[in-house]
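one predicted model, sequence on top.
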Amino acid sequence: MKVVVDPDVCLGCGVCESIAPDIFIIRDELFAHIIMDPVPETMRDIVDEAIAECPEQAITLLD
Ligand code: SF4
């Protein structure tokens, strides 16, 4: 799986990083970066949780 964050809408709030710190990191306090690519299928549930909790719907999962 591939996870992407739209930097134009991400707030850099850190919710995704708190849910899945192995996948997301707020490096510059502006927006989330993806640090795992590809993301294994076994982590789909945690990605789904991050997508659901993101206040800006900035996270997209590409199969
Ligand atoms: S939860 Fe959404 S808005 Fe917040 S840092 Fe992550 S991708 Fe950006």
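Ah, there it is.

the residue lying farthest from the centre of the chain and M1: what is the separation?
Distance to the chain centre peaks in the chain at T42, reaching 15.5 Å (criterion: Cα atoms, centre = their mean). Going from T42 to M1 by Cβ to Cβ, to the nearest Å gives 10 Å. To be clear about C-beta, it is placed using only N, CA and C from the backbone, and glycine gets the same treatment.

tell me the residues of the chain that contact the ligand?
Proximity of the chain to the ligand, by Cβ under 6 Å from any ligand atom, involves residues 5, 10-16, 24, 31-32, 54-56, 58-59.

one more time with 5 Å, if that's ok
V5, C10, L11, C13, V15, C16, A32, C54, E56, A58 (Cβ under 5 Å from any ligand atom).

which members of these occur in helices, if any?
Among these, the members found in helices (DSSP state H) are V15, C16.

I35 reaches A20, doesn't it?
No. Taking Cβ atoms under 8 Å as the definition, I35 is not a contact partner of A20, at 10.0 Å.

okay, these two: which has more neighbours?
A20 (21 against 12; other Cβ atoms under 10 Å).

so how many other residues sit close to E49?
With other Cβ under 10 Å as criterion, E49 counts 14.

so how far is I34 from the residue farthest from the centre of the chain?
Counting by Cβ to Cβ - T42 and I34 are separated by 17 Å.

with D8 instead?
Taken as Cβ to Cβ, the span from D8 to I34 is 15 Å.
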